[in-house]
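Peer 1: just coords:
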């Protein structure tokens with residue numbers, strides 16, 4: 001039983017590392033605590049409760065998690081510190097041993113975070129020596145923690161799936177998140193409807209491997225997409241990331257003619273070399289990936305296509321990297337998310353003999369980032385002089401406002417013409433030249449808006 005009275009008037013501080021899914025979950029946890037009377041601490045104000053949602057996708061991420069935990073403990077003396085997320089699942093004992101950490105929850109337990117927090121909070125009053133950690137083996141991670149939240153953002157993030165049945169040789173996510181699982185289509189439609197009732201206009205579908213969605217009977221991800229498209233009070237939906245082998249032609253065709261699914265795709269590639277893809281145990285080759293990109297561009301010529309690429313993985317020789325670079329250079333995509341390979345304990349990749357040193361990883365990353373910058377700039381430049389519909393996000397007083405077009409072009413409305421009433425509004429704008437950082441197009445609201 002939860003004693004919400006014990007939390008009344010308390011303050012909480014939150015820190016999230018990693019993916020959009022983590023941000024969505026943290027926001028949901030924050031809303032739950034708010035409903036119990038817990039206020040988010042102001043900047044610089046010590047909190048009574050600290051919640052840290054961790055990531056473990058790379059060794060760098062692990063290191064940053066430890067740094068953030070130490071910092072949160074230091075900046076919030078006496079706070080009750082809760083750590084959850086992927087790093088907490090994989091290294092629960094190590095995290096629990098950090099001085100100042102009171103409660104560590106793995107992937108199975110965070111679905112019941114409030115109950116665990118309540119129980120531990122009640123037991124800890126008057127005690128300075130409480131250290132609890134909970135985590136179960138991958139096969140036993142079966143719970144699903146619903147999440148549809150926006151936090152301090154305009155767009156809502158709807159968690160439609162969790163876990164992954166793929167065991168790519170470089171990845172620990174299945175160990176941290178468990179096997180693929182999801183709620184019902186009906187429950188997700190209800191969450192989308194509630195987001196709309198709360199004023200939401202755009203929802204991003206998030207998950208670990210959302211294309212693995214399995215509903216009742218023969219229901220698949222395409223059925224979820226069609227059901228959500230029927231929530232007419234939501235004007236925009238985006239698919240956060242989907243594996244190329246699960247991005248079916250049927251799904252692409254439907255998005256091209258749908259009411260609300262945006263011309264925006266994010267497709268993990270990881271390598272443009274078929275040899276490296278085999279070493280990674282990915283479930284596609286470059287021919288299939290090319291087909292998906294061509295299919296999108298055939299039906300949606302102005303679609304934004306983002307692509308994940310890993311550099312310097314085990315087995316990636318210089319020849320393999322050059323093949324990857326050439327493949328990406330000739331592919332009609334918009335932007336690359338480039339990240340260096342990181343050794344992860346317990347992964348099959350450690351058995352692959354060829355190792356790329358850190359200096360070479362940095363060199364390869366730099367080349368791909370430069371390629372990405374050129375592609376993104378060219379994509380933006382093609383739209384200068386056009387009009388587009390933009391969903392604006394709230395900005396600090398006196399600062400420029402930002403938002404995104406249907407095809408995910410970031411736009412900037414100068415502070416001198418920005419208006420508070422534009423927040424969370426879909427407005428027609430004229431796209432002008434680049435801003436000073438070249439990371440957005442300057443715009444002006446058209447008269448008919």
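Peer 2: Thanks, I have it. From a predicted model like this one, the values you see are computed outputs, not experimental measurements.
Peer 1: And stretch 301-319, what's buried?
Peer 2: By 16 or more other CB atoms under 10 Å, the buried positions in stretch 301-319 come out as 302-307, 309-316. Quick note: C-beta positions are derived from backbone N, CA and C, even for glycine.
Peer 1: State the mean pLDDT of it.
Peer 2: Stretch 301-319 shows a mean pLDDT of 98.
Peer 1: and if you look at stretch 216-233?
Peer 2: On average, the pLDDT along stretch 216-233 is 95.
Peer 1: can you tell me how far residue 154 sits from residue 39?
Peer 2: 22 Å (CB to CB, to the nearest Å).
Peer 1: Between the two, which is the more surrounded one?
Peer 2: Remark: of residue 154 and residue 39, residue 154 carries more neighbours, 19 against 15, as counted by other CB atoms under 10 Å.
Peer 1: Look up the closest residue to the more buried one, ignoring the ones flanking it.
Peer 2: residue 393 (4.2 Å; CB to CB, 6 or more residues apart in numbering).
Peer 1: ok, now which ones touch residue 333?
Peer 2: 293, 305, 306, 307, 375 (CB atoms under 8 Å, 6 or more residues apart in numbering).
Peer 1: Kindly confirm my reading that it is in a strand.
Peer 2: No - under DSSP: H, G, I helix; E, B strand; the rest coil, residue 333 sits outside any strand and is assigned coil.
Peer 1: Could you measure from it over to residue 2?
Peer 2: Between residue 333 and residue 2 the distance is 48 Å, computed by CB to CB.
Peer 1: and which of the buried residues of stretch 301-319 is nearest residue 244?
Peer 2: Residue 244 lies nearest to residue 307 out of the buried residues of stretch 301-319, by CB to CB, at 9.6 Å.
Peer 1: What's the first helix or strand after the helix or strand of the chain with the lowest mean pLDDT?
Peer 2: Least confident helix or strand, the chain: strand 132-134 with a mean of 63, by mean pLDDT, DSSP states H and E. Of the helices and strands lying after strand 132-134 in sequence (DSSP states H and E), the nearest is strand 148-149.
Peer 1: For the longest helix along the chain, which residues meet the burial criterion?
Peer 2: In the chain, assigned by DSSP state H, the helix with the most residues is helix 358-381. Residues 360, 361, 364, 365, 368, 371, 372, 375, 376, 379, 380 are the ones in helix 358-381 that count as buried (16+ other CB under 10 Å).
Peer 1: can you pull out the helices in the chain?
Peer 2: Counting by DSSP H, the helices of the chain are 20-35, 59-75, 86-90, 92-96, 113-124, 173-177, 185-197, 221-229, 249-257, 274-280, 286-299, 318-329, 358-381.
Peer 1: Identify the residues contacting the nearest residue to residue 55 once chain neighbours are set aside.
Peer 2: In space, residue 55 comes closest to residue 18 once its chain neighbours are excluded; the distance is 2.8 Å by CB to CB, 6+ apart. By CB under 8 Å, 6+ apart, residue 18 lies in contact with 53, 54, 55, 57, 61, 85, 86.
Peer 1: State the pLDDT value of residue 18.
Peer 2: pLDDT, read off for residue 18, is 88.
Peer 1: and the gap between it and residue 162?
Peer 2: 14 Å.
Peer 1: what do the two both touch?
Peer 2: Contacts common to residue 18 and residue 162, judged by CB under 8 Å, 6+ apart, are absent.
Peer 1: For residue 417, which non-adjacent residue is spatially closest?
Peer 2: Using CB to CB, 6+ apart, the nearest residue to residue 417 is residue 444, at 6.9 Å.
Peer 1: Residue 183 too?
Peer 2: residue 144 (5.7 Å).
Peer 1: Burial check on that neighbour, number of neighbours?
Peer 2: Residues near residue 144, counting by other CB under 10 Å: 16.
Peer 1: burial measure for the residue nearest to residue 417, as a count.
Peer 2: Other residues close to residue 444 by other CB under 10 Å number 14.
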